[in-house]
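J.: Got a predicted structure plus its sequence, pasted below:
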Amino acid sequence: MTLTIALSIVLAVLFIATGAGKLFGAKTSIEARDHFRMSGTLWRTIGALEWAGAAGLVAGLVTWDWVAHAATVGLGLLMVGATVTRLRYDSKPTGVVVDLALLALLITLLFLDR
């Protein structure tokens with residue numbers, strides 16, 4: 001149970017940080033958006049979904065398990081999309097590795113005992 005709590009909090013903090021960059025227009029985030037040829041609206045939507053997923057991870061610790069499971073699956077789908085996008089636009093291999101590592105952590109979290 002302690003591993004579930006720690007992993008949920010770490011992932012929530014990571015997704016809050018990445019979502020904030022998208023929502024508030026950080027310079028590096030805008031450069032990434034332009035590299036991936038995404039509209040500003042889609043980019044901000046992804047940031048909002050990252051925040052919603054982070055909130056779901058934390059809320060799932062204190063409420064129903066299904067909230068955390070739904071958030072984990074949603075964030076996992078975002079990471080699949082991020083990986084495909086990076087591969088499509090010939091991004092740096094380190095970005096793909098980070099996306100896949102986050103996906104692996106989300107899958108691990110999904111199957112930990114709650």
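T.: Perfect, thanks for sending it.
J.: Any regions of the chain where pLDDT drops low?
T.: The chain contains residues with pLDDT under 70 at 114.
J.: hey, where'd the helices end up in it?
T.: 2-24, 27-35, 40-62, 65-88, 93-111 (DSSP state H).
J.: Those into TSV, with extra columns for mean neighbour count?
T.: All C-beta atoms are positioned from the backbone trio N, CA, C, and that covers glycine. Below are those laid out as TSV (neighbours: other Cβ atoms under 10 Å):
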stretch	mean neighbour count
helix 2-24	17
helix 27-35	13
helix 40-62	18
helix 65-88	18
helix 93-111	15
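J.: Quickly note the distance from Val80 to Ile9.
T.: 23 Å (Cβ to Cβ, to the nearest Å).
J.: Please verify my assumption that Gly47 contacts Gly25.
T.: No: with contact defined as Cβ atoms under 8 Å, Gly47 does not count as touching Gly25 (9.6 Å).
J.: shared neighbours of these two, anything?
T.: Common contacts of Gly47 and Gly25, defined by Cβ atoms under 8 Å, 6 or more residues apart in numbering, are absent altogether.
J.: and the closest residue in space to Gly53 that isn't next to it in sequence, how far is that from Trp51?
T.: Excluding the flanking residues, the one nearest Gly53 by Cβ to Cβ, 6 or more residues apart in numbering is Leu75, at 4.0 Å. Using Cβ to Cβ, Leu75 is found at 11 Å from Trp51.
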